[in-house]
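>>> Mind looking at a prediction? Sequence and model below.
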Amino acid sequence: MTWWGRRLPGSPVTSLPPKPARPPRASAFLVAAGIFLSRIAGLVRTRVFAHYFGNSDAAGAFAAAFKIPNFLQNLLGEGVLSASFIPVYSRLLAEGETELAGQVAGIVASLLALTVSVVVLLGVLLTPHLVDLIAPGFHGEVRQLTIRLVQIMFPGVGVFVLSAWCLGILNSHRLFFISYVAPVLWNLAMIGTLLGFGGSRSQPALAVVLAWGSVAGAILQFGIQLPFIFWRKTAAGTSIGATIAPGLDIALAPVRQVFRSLGPVVVSRGVVQLSAYVDAWIASWLGAAAVSGLYYAQILYTLPISLFGMSVAAAELPEMSSATGTVEEIHAKLRTRLIAGKRNIAFYVIPCVASFLVLGRHFVAALCQSGTFGAQDTLYVWYILMGSTVGLLAATWGRLYSSAFYALRDTRTPLWFAVIRVILTAILGILFAFPLRPYLNSILLRSLHLATPSLPGIELRLGAVGLTLSAGLAGWIEFLLLRRALQARIGSTALPHHYPAKIWAAALSASAAGWAAARYVHLGNRWANLADVLGAFGLAYLLITLCAGIPEARSLLRRRL
């Protein structure tokens, strides 16, 4: 038995050939497919939510309330386990130490269950203080509704964390799809709640019922993954979970390694989440509409991050963590995977940036414009979405570089850079939202020709655009720091300069084709118009990149054929 190249005393010598690495695009495709389905369900949920809530006070209260349990879910869930647990667990599996790997998994699950139980109890008791921290601008009935919603949703945090543990196990065994498609059940539970109760209850009452639907959905998301852990057979004829048993033995060397990495990762995830909470805190002073506007924009903004940034990073982490050989061989493998991952991300994310800037209004309208969500609300959310595009590529590339650091068992370097990002986000966010807001408003109102009388209070609410803009600028600084530090360790991971230039040219040209379709083709239905716009955009982008000789375009075409 070995641990990071050292044999533990009294253990038998085992030597199993490592599993052949799954092609990076195949793993990323499985992750992206699961995320795509869950995000589609999320978009449907958002549209139904917008239909019943619009940009109302109840919508703002729900958006603010959801951030508190979501913060703890991210703090203790997928991101933390991906960075601390998966590298250890995957390395043990690669070395053939399946029994030790199962023992480590059981101990981690037990400690997570104990931790989140305490966190949930404290969270329910301290909810009023948490709401005052996250939304100090809320008062009266809006504040009381937010408190009630948080207290209902808190128990779902524990379930989500255990669901993330399942994801870590399944990802390490290269079963990517089920964990990333499981959130579909959570979204369906919330959609069913809205459709079932939306026509018979007031907005505040419906928000309360929806919070209970969220908890029920979390239980479904966790439950669907368990059969794949405890009943799915491996090549050896036993189930993945055959060796997993609860325990609290933290003396094992792999367990200690998990928790040594856990501290910096928790802090890192915490400061990243703090950035979102700083935005929410500032937005609460801009009005409830700014909070809900940010919520709607982030649904679209996070879609390419999840589909293309998270999918590639999640698929690469267990592969990079399983790398063996000399230091140079490991570094060479990391460089190869990083460059390929960056190319894949750029091929898909850059056109997303261009389309959000040029065609974002049609996306927001198709997603949200229904019922109490009007055309002016669509414009407002589009402006916020424009600000979000500034840091979209940096956010997706940054996830990939962070995964490389985690594979090298270095969780501290991403932590320090995340701290820098949060500090910059807070400083720039306050500047853009308050002292610089009049200048930003002037630029936006002139360039976008917005009729201000039709949307009262727009000068104040446009401060939310500055929040997304500042977060994007800080994200680029974080990415550049990550790239510089990693290249100092493993060598250059830069892309040829002509590659991003070709992608940008193709994306902007395709956006022009989509804009022309939107302007001159009117089918009378927002979804039909959106399909026409996306069809023109996608076809133009594929043809241009094929003519430019982009390998990713040829690969995409082969998969479609």
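That came through, no problem. Numbers count the residues shown, from 1 in each chain.

>>> going forward, measure contacts between C-alpha atoms and count neighbours the same way
Fine.

>>> Residue 350 contacts residue 503, doesn't it?
Yes - under the criterion of CA atoms under 8 Å, residue 350 is in contact with residue 503, at a separation of 6.9 Å.

>>> Same question for the strand or helix carrying residue 529: list its buried residues.
In this structure, residue 529 sits in helix 526-547 according to DSSP states H and E. By neighbour count, and taking 16 or more other CA atoms under 10 Å as the criterion, the buried residues in helix 526-547 are 526, 529-530, 532-534, 536-538, 540-542, 544-546.

>>> cool, stretch 121-130 as well?
Of the residues in stretch 121-130, those with enough neighbours to count as buried (16+ other CA under 10 Å) are 123, 124, 127, 128, 130.

>>> Tell me if I am right that residue 371 is in a helix.
No - according to DSSP: H, G, I helix; E, B strand; the rest coil, the state of residue 371 is coil, so it is not within a helix.

>>> Now for it: which residues touch it?
Remark: with contacts taken as CA atoms under 8 Å, 6 or more residues apart in numbering, residue 371 is in contact with 50, 51, 52, 54.

>>> Out of those residues, who's the most crowded?
Neighbour counts for the contacts of residue 371 peak at residue 54, which has 25 neighbours (criterion: other CA atoms under 10 Å).

>>> Wait, it touches residue 378, no?
No - with contact defined as CA under 8 Å, residue 54 and residue 378 do not form a contacting pair (10.4 Å).

>>> Which strands and helices lie in contact with the helix or strand where residue 431 lies?
Applying DSSP H and E as the criterion places residue 431 in helix 412-433. Using 3 or more CA pairs under 8 Å, 6 or more residues apart in numbering; DSSP states H and E as the contact criterion, the neighbours of helix 412-433 among helices and strands are helix 253-284, helix 392-407, helix 463-490.

>>> any chance of the ones you listed in a markdown table, with mean pLDDT, distance to residue 88 and mean neighbour count too?
As requested, these are arranged in a markdown table below (pLDDT from 0 to 100; distance: least, CA to CA, whole Å; neighbours: other CA atoms under 10 Å):
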| stretch | mean pLDDT | distance to residue 88 | mean neighbour count |
| --- | --- | --- | --- |
| helix 253-284 | 74 | 7 | 21 |
| helix 392-407 | 89 | 9 | 25 |
| helix 463-490 | 89 | 20 | 21 |
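
>>> So which of these is nearest residue 148?
With CA to CA as the measure, helix 253-284 is the member of these nearest residue 148 (17.8 Å).

>>> what sits against residue 102?
By CA under 8 Å, 6+ apart, the contact set of residue 102 is 241, 242, 243, 244, 245.

>>> Now the residue nearest to the fourth one when sequence neighbours are not counted: which helix or strand?
If the residues on either side of it in the chain are set aside, residue 244 comes closest to residue 102, at 4.4 Å by CA to CA, 6 or more residues apart in numbering. Under the criterion of DSSP H and E, residue 102 resides in helix 98-125.

>>> Output the helix or strand following that helix as PDB, restricted to C-alpha atoms.
Moving toward the C-terminus from helix 98-125, the next helix or strand (DSSP H and E) is helix 127-134. This file holds the C-alpha atoms of helix 127-134, laid out as PDB (Å, rounded to 0.1, in the frame of the first residue of the first chain):
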ATOM      1  CA  THR A 127     -31.300  33.300  10.100                       C
ATOM      2  CA  PRO A 128     -32.400  36.800  11.100                       C
ATOM      3  CA  HIS A 129     -28.800  37.900  11.600                       C
ATOM      4  CA  LEU A 130     -27.700  36.200   8.300                       C
ATOM      5  CA  VAL A 131     -30.500  38.000   6.400                       C
ATOM      6  CA  ASP A 132     -29.400  41.300   7.900                       C
ATOM      7  CA  LEU A 133     -25.900  40.600   6.600                       C
ATOM      8  CA  ILE A 134     -26.800  39.600   3.100                       C
END
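
>>> Please list the residues outside helix 127-134 that contact it.
Contacts of helix 127-134 with the rest of the structure, by CA under 8 Å, 6+ apart, involve 64-65, 68, 138, 143, 146-147, 150-151, 277-278, 280-281.

>>> and if you look at stretch 186-205?
For stretch 186-205, the external contacting residues (CA under 8 Å, 6+ apart) are 38, 41-42, 44-45, 48-49, 52-53, 58, 145, 206, 209-210, 213-214, 216-218, 220-221.

>>> end to end, how far does that stretch reach?
Terminal residues of stretch 186-205 are spaced 20 Å apart (CA to CA, to the nearest Å).

>>> List the buried residues for that stretch?
For stretch 186-205, the buried set under the neighbour-count rule, 16+ other CA under 10 Å, comprises 186, 187, 188, 189, 190, 191, 193, 194, 198, 203, 204.

>>> Quick check: closest non-adjacent residue to residue 53.
Nearest residue to residue 53, sequence neighbours excluded (CA to CA, 6+ apart): residue 59, at 5.5 Å.

>>> Now pLDDT, distance to residue 424 and secondary structure too, for the buried residues of stretch 186-205, in TSV please.
As requested, the buried residues of stretch 186-205 are exported to TSV (pLDDT from 0 to 100; distance: CA to CA, whole Å; DSSP: H, G, I helix; E, B strand; the rest coil):
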residue	pLDDT	distance to residue 424	secondary structure
186	91	34	helix
187	92	34	helix
188	94	37	helix
189	94	38	helix
190	93	35	helix
191	94	37	helix
193	93	39	helix
194	93	38	helix
198	82	41	coil
203	87	37	helix
204	89	36	helix
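
>>> Can you tell me which of those residues lies closest to residue 472?
Checking the buried residues of stretch 186-205 against residue 472 by CA to CA gives residue 187 as the nearest, at 27.8 Å.

>>> Count residues in the vicinity of residue 249, would you?
The local packing of residue 249 (other CA under 10 Å) involves 15 other residues.

>>> Run the chain-centre distance for stretch 252-259.
With CA atoms, centre = their mean, to the nearest Å as the basis, the distance from the averaged C-alpha position of stretch 252-259 to the chain average is 27 Å.

>>> returning to what we had before: tell me which of the helices and strands packed on helix 412-433 approaches residue 512 most closely.
Minimum separation from residue 512 across the helices and strands packed on helix 412-433 (CA to CA) falls at helix 392-407, 20.1 Å.
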